[in-house]
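Visitor: Okay, predicted coordinates and the sequence, questions at the end:
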Amino acid sequence: AQSVAQPEDQVNVAEGNPLTVKCTYSVSGNPYLFWYVQYPNRGLQFLLKYITGDNLVKGSYGFEAEFNKSQTSFHLKKPSALVSDSALYFCAVRDSNQGGKLIFGQGTELSVKP
Amino acid sequence: KAGVTQTPRYLIKTRGQQVTLSCSPISGHRSVSWYQQTPGQGLQFLFEYFSETQRNKGNFPGRFSGRQFSNSRSEMNVSTLELGDSALYLCASSASMTSGGTYNEQFFGPGTRLTVL
């Protein structure tokens, strides 16, 4: 069965420091991986995706993610965190055999303090 | 382009009632998916529609149903509401799959907050 795990419920970083939000996945076919961010009382905003190609994917707002097939991971990173990055982050996977269905991790609350 | 719109934004219903939620996708997008978000269960896939046909379905009871119209707008219906149906219901649209078989990202609406009393 397909699954996504975000091992940390919360990540705290200081403004200006690098941040990492972790994600591991399990799928039966080719993994299509996504990161989304959710601000309070809002829907999800797309950040970036990995379909194929380079393992380092660059996305919106300075975020990037590194795909590691051997470790089945897709960690979200940013070199320098901003207070405005504080939000709920979701990793999601779409199995190549599952059409449009996205399977989400449980979410990681990112808190960036000044 | 305008984003995904969902109406209404907030709903309060009582147990046993039914409810219909509406979603208008981004212009040109033919795939519409629905998700339920709750604090306990997180984000769970309900169903996906493409060109008026249900293409995928999650593990929800038959009380949850949906449909898609020829203009790609979609509705979902929940009958015989239960307290546990209180949630944020999110709709997402995406462009059709490319000929190369890659998948496009989904764009989400702001959601409909359903409260069942």
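Guide: That came in fine, so what should we check first? Because the structure is a prediction, the values reported are computed rather than measured.

Visitor: Next, the contact list for residue B:60, please.
Guide: B:36, B:44, B:46-47 (CB atoms under 8 Å, 6 or more residues apart in numbering or on different chains). Yep, even glycine has a C-beta here, placed from its N, CA and C like the rest.

Visitor: repeat for residue B:110
Guide: Applying CB under 8 Å, 6+ apart to residue B:110 gives the contacts A:41-43, B:5-6, B:9.

Visitor: Just the buried ones among the residues you listed, please.
Guide: Buried members of these, counted by 16 or more other CB atoms under 10 Å in any protein chain shown: A:43, B:6.

Visitor: out of the contacts of residue B:110, what pair is the most spread apart?
Guide: A:41 and B:5 (15.6 Å; CB to CB).

Visitor: What ranges does chain A have for its strands?
Guide: For chain A, strands defined by DSSP state E occupy the ranges A:3-5, A:10-14, A:19-21, A:24-26, A:31-38, A:44-50, A:56-58, A:64-68, A:73-78, A:87-95, A:103-104, A:108-113.

Visitor: do you know how far residue A:56 is from residue A:50?
Guide: From residue A:56 over to residue A:50 the distance is 9 Å, taken as CB to CB, to the nearest Å.

Visitor: Tell me which of those two has more neighbours.
Guide: residue A:50 (20 against 11; other CB atoms under 10 Å in any protein chain shown).

Visitor: Cross-check the contact I'm expecting between that one and residue A:68.
Guide: No. Residue A:50 is beyond contact range of residue A:68, at 10.3 Å (criterion: CB atoms under 8 Å).
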